[in-house]
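>>> sequence-free structure coming up:
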């Protein structure tokens, strides 16, 4: 009966929402508004409700075919109670904000929360690169590294919905300090900022590389994309930066493989757009390191749903939780 | 109707079997015989069948109440076909041996296979330290480190039943070579042989420690138990050996926590008998390193079923697979 769900991606910079058809995952009515998180939770939640209401008003779909709202949240929450616990990148960190109940009151629709990267995982599994895999892992590699896992055809949640924090897998117990407080997380080696930092370091140290010239010697212009381009044009230092990132990412993937044995691993996020430049090293690393399982059966694939994966995923999650 | 299952633990040295009541996990009729693996698969399988038949003959339980046989296998196999693929510690490695079908033919009872440490995990979950936990991880720490995972009330299998190879989680990508071919597996830091090697090294280097004296300067007498005893009597070097093992084990546990978010972690095997000496450091390590989840909710507990965990677990697995 309820064929549509609204997916809302709660980002630190923008709120983005869309109407998702639960039969085919197609998204329409995509709309966004600045988050303006400095104004505090109540103000942000009002903007969320306005965004949802603008979809309800502009859509020709009858309201009774819309089953509810899913919100992809950047942090830790109590999923059953719909309360945020710790959103690390937002001012004040949103402890104990009754997000689901508030949006439900404001819109009249049932609301379900899910971590934003678990939402991407769920979306890619339902309608993207994970379709048909009963067991899969997803790495979303951007400013940070997030993730998610599907085991036996279920998205794993773990304590407080924190299962799938794959960016914080330790690959070197004596490694460098991560933003989370741990040492040697894969995020410190293979995230966008880690790759950028390696490029900046090479340029400021005067090492032989085309990265500086390509950025017109403006350090602000050094990005993972620019370094990837340099690598693809044959710059050995840029290639080495991606190789190092790929080895660390490969070790994290290897750890996921020996732990849960998924059939498929999906890579999304901006850094994953480097494609083979990154994946060749990941493949080589797991082939060399994982001896305890038939690793040749593991498929490494790129995410398919692009920027809408989170909206699609969290809308499908709301549909799933609504029963 | 079928209230009893036979559990058979296929070890490199001994075959051990028992009759397990599936209602309460109680095991009786425990019997064992040498494996004599050098005589080859057919001879070993005949001894397995004799062991099973001796239980059938000696037990007063009617045969029609015995639903089948579970075999805990030390290696990789095709679970659905019941064929062994790679048993690393047995002569010839048992490639493509139709173990389940052969024992079924010899005994007239349905046979199900499971990796031996996944069997321990399943046993501890059903009737031991894991009871009541919908999500748990198990580390069995002995000559090697094995493991298993229960997620959403299901034992995870993964490709070829290899999910749960927790001893081969990489904790230092530049670490020492492991027997599996990888570098920096937790097994190279925290297994029995790793702890023994650290003790032997300290003694042969003439470092200040009571380990040598306690072993009467016989290197063959240096064991994890002896080093644990030295540590408990206040020997700082012995304490440091367990501390190093505990840190590496803690990092592996941390990796499992951020990946699947289990509520409980069970530790079994000989090395785990060191108890608090090891677990205090594991606890401290995960408290320090895991910032992405409410780690204080994670319970670290010692295994309860002792040496019969594998027999109980694999019998229960056969019952579960029989439906």
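That came through, no problem. Computed from a prediction, not measured in an experiment: that's the story for all the values here. Numbers count the residues shown, from 1 in each chain, chains lettered A, B, ... in the order given.

>>> For residue A:182, give me its contacts.
Shown in contact with residue A:182 (C-beta atoms under 8 Å, 6 or more residues apart in numbering or on different chains): A:168, A:170, B:254, B:288, B:289, B:290, B:291. The C-beta positions use only the backbone N, C-alpha and C, and glycine is treated the same way.

>>> Go again with 6 Å.
residue B:289 (C-beta atoms under 6 Å, 6 or more residues apart in numbering or on different chains).

>>> ditto for residue A:143
With C-beta under 6 Å, 6+ apart, residue A:143 has these contacts: residue A:192.

>>> First-to-last residue distance for stretch A:110-118?
End-to-end distance of stretch A:110-118 (C-alpha to C-alpha, to the nearest Å): 20 Å.

>>> Not counting it itself, show me its contacts.
Contacts of stretch A:110-118 (C-beta under 6 Å, 6+ apart): A:68-74, A:77, A:82, A:100, A:103-104, A:140, A:146-148, A:161, A:164, A:310, A:314, A:317-318, A:321.

>>> Which of the residues you listed fall within strands?
A:68, A:69, A:70, A:71, A:72, A:73, A:77, A:140, A:146, A:147, A:148 (DSSP state E).

>>> shouldn't the second one be in contact with residue A:4?
It refers to residue A:69. No: with contacts counted by C-beta atoms under 6 Å, residue A:69 stays clear of residue A:4, the gap being 10.6 Å.

>>> Among the two, which residue is more densely surrounded?
Applying other C-beta atoms under 10 Å in any protein chain shown to residue A:69 and residue A:4 shows that residue A:69 carries more neighbours, namely 26 against 23.

>>> For that one, list each beta-bridge partner.
residue A:6, residue A:111 (DSSP bridges).

>>> Let me know the distance separating it from residue A:112.
Distance of residue A:69 to residue A:112, given as C-beta to C-beta, to the nearest Å: 7 Å.

>>> for residue A:122, same thing?
From residue A:122 to residue A:112 the distance is 11 Å (C-beta to C-beta).

>>> Residue A:93 is in contact with residue A:85, isn't it?
No: with contact defined as C-beta under 6 Å, residue A:93 does not count as touching residue A:85 (8.7 Å).

>>> ok, and the closest non-adjacent residue to residue A:155?
Counting by C-beta to C-beta, 6 or more residues apart in numbering or on different chains, residue A:122 is the residue found nearest to residue A:155 once chain neighbours are left out, at 5.2 Å.

>>> show me the residues around residue A:59 that make contact.
A:19, A:29.

>>> between residue A:93 and residue A:85, who's got more neighbours?
Set residue A:93 next to residue A:85 and count neighbours by other C-beta under 10 Å: residue A:85 wins out with 19 against 14.

>>> Regarding that one, which helix or strand does it belong to?
strand A:83-86 (DSSP states H and E).

>>> Show me where the stretch 101-250 of chain A has its helices.
Remark: helices assigned in the stretch 101-250 of chain A by DSSP state H, counting those that start in this stretch are A:116-127, A:187-190, A:192-204, A:211-214, A:224-232, A:236-260.

>>> tell me how far the longest one is from the chain's mean position?
Once both centres are worked out by C-alpha atoms, centre = their mean, to the nearest Å, helix A:236-260 turns out to sit 18 Å from its chain's centre.

>>> repeat for the fourth one
When C-alpha coordinates are averaged (C-alpha atoms, centre = their mean), helix A:211-214 and its chain have centres 29 Å apart.
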